[in-house]
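Student: Sharing a model that was predicted from the sequence below.
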There are 2 protein chains.
Amino acid sequence: MTCPIAACLDKVGHWWSMLILREALQGCTRFDEFERNLGISPAMLTRRLNALVDAGLLERRQYSSSPPRDEYVATAIALDFRPVLIAMAAWGGKHFQSGPDQFVMINTVSGEVAEPILVDRASGLLIDDAAFQFVPVSQTQAPGGYRRDARGKP
Amino acid sequence: MTCPIAACLDKVGHWWSMLILREALQGCTRFDEFERNLGISPAMLTRRLNALVDAGLLERRQYSSSPPRDEYVATAIALDFRPVLIAMAAWGGKHFQSGPDQFVMINTVSGEVAEPILVDRASGLLIDDAAFQFVPVSQTQAPGGYRRDARGKP
């Protein structure tokens, strides 16, 4: 049984993969754009783009046939990775940046500094260790679903 | 000016670092526990633990003087990384697992399947691309703070 964090890292666990995804989610699609924005070697970029295509995170589309040229478009799975990158950016900015160049999240409508937190969509409850746990689907299908009191602390 | 995602990856961008943090946040502290739980080589584990101590994510504490033995305790900065790991687990489970071994997040009090989403703590608004942006602190300190209408789209 694989941990879902390991399942995630298996697809995007390489430093460059996450930065390529960041660029793709900002609309970057072409090889030379990724190369320029990231300062990555062509050989490494080719390897990481191929891995992201194989993982279903980027879709390769030919935009020129002569000469043959591909672009790389973020799939729905990649778009769904945005909360991970936002949480990483909030954490990186908060703990490892300082001074005028420190990045903070802003609500551009109100002008206020924002603080991203994880909540459960249905209940609105803050997700912390006490109530929320990852469990295999097979443990959720008993009558009444999964309950800590019926099964002990996971 | 460094991107805050890169600032994050600079500290935890190595696959093993994230898995070591996962273990540390679940209460793992000792070298042989990390080694056993992760199936990681001692040399690699030593390197990654040292890097996480240097980054301020783990605190090294001697728990035995004869023989000398250290343990590694998650710092407040590491505890603050939990939302990133939760978002990664939710994404990994949703897109790259299936069948009875697929992990899902459960509200153990209600027994319902939970779905972690990112919202702004103050406003409660869902954090999506339209309203929320990361900007340098220096751009937030004009009178009235940062506003898209005054400064154009970031």
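Tutor: Here it is on my side, so go on.
Student: in chain A, which spans are strands?
Tutor: Assigned by DSSP state E, the strands in chain A fall at A:58-65, A:68-74, A:103-107, A:116-120, A:132-136.
Student: ranking those by burial, who's on top?
Tutor: Each of the strands of chain A was scored by mean neighbour count; the highest is strand A:103-107, a mean of 23, by mean count of other CB atoms under 10 Å in any protein chain shown. From N, CA and C alone the C-beta is placed, and that goes for glycine too.
Student: okay if I get the strands of chain A as TSV plus distance to residue B:84 and mean pLDDT?
Tutor: Output for the strands of chain A, formatted as TSV (distance: least, CB to CB, whole Å; pLDDT from 0 to 100):
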stretch	distance to residue B:84	mean pLDDT
strand A:58-65	22	95
strand A:68-74	20	95
strand A:103-107	14	94
strand A:116-120	9	95
strand A:132-136	14	92
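Student: can those strands go into JSON lines with extra columns for distance to residue B:22?
Tutor: Formatted as JSON lines, those follow (distance: least, CB to CB, whole Å):
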{"stretch": "strand A:58-65", "distance to residue B:22": "26"}
{"stretch": "strand A:68-74", "distance to residue B:22": "26"}
{"stretch": "strand A:103-107", "distance to residue B:22": "25"}
{"stretch": "strand A:116-120", "distance to residue B:22": "16"}
{"stretch": "strand A:132-136", "distance to residue B:22": "11"}
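Student: Distance to chain B added to these, as JSON lines?
Tutor: Shown next, in JSON lines, are the strands of chain A (distance: least, CB to the nearest CB, whole Å):
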{"stretch": "strand A:58-65", "distance to chain B": "14"}
{"stretch": "strand A:68-74", "distance to chain B": "12"}
{"stretch": "strand A:103-107", "distance to chain B": "4"}
{"stretch": "strand A:116-120", "distance to chain B": "4"}
{"stretch": "strand A:132-136", "distance to chain B": "5"}
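Student: So which of those strands is nearest residue B:53?
Tutor: In terms of CB to CB, the element of those nearest to residue B:53 is strand A:103-107, at 25.2 Å.
Student: Tell me the gap between that closest one and the middle of its chain.
Tutor: 18 Å (CA atoms, centre = their mean, to the nearest Å).
Student: quick one: contacts of that strand?
Tutor: Contact partners of strand A:103-107, identified using CB atoms under 8 Å, 6 or more residues apart in numbering or on different chains, comprise A:86, A:89-90, A:92-93, A:97, A:112-116, B:3-4, B:120, B:123, B:125, B:127, B:131-137, B:140, B:145-146.
Student: cool, and stretch A:85-94?
Tutor: Stretch A:85-94 is contacted by residues A:18, A:21-22, A:25, A:102-105, A:115-116, A:118, B:3-11, B:80-81, B:83-84, B:87, B:118, B:127, B:132, B:134 when judged by CB under 8 Å, 6+ apart.
Student: okay, it in PDB with CA atoms only?
Tutor: The C-alpha trace of stretch A:85-94 is given here as PDB (Å, rounded to 0.1, in the frame of the first residue of the first chain):
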ATOM      1  CA  LEU A  85       2.400  25.100  -5.100                       C
ATOM      2  CA  ILE A  86       0.500  27.900  -3.300                       C
ATOM      3  CA  ALA A  87       1.000  26.200   0.100                       C
ATOM      4  CA  MET A  88       4.700  25.800  -0.800                       C
ATOM      5  CA  ALA A  89       5.000  29.400  -1.800                       C
ATOM      6  CA  ALA A  90       3.300  30.600   1.400                       C
ATOM      7  CA  TRP A  91       5.600  28.500   3.500                       C
ATOM      8  CA  GLY A  92       8.700  29.500   1.600                       C
ATOM      9  CA  GLY A  93       7.900  33.200   1.700                       C
ATOM     10  CA  LYS A  94       7.000  33.100   5.400                       C
END
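Student: Perfect, I'm done here.
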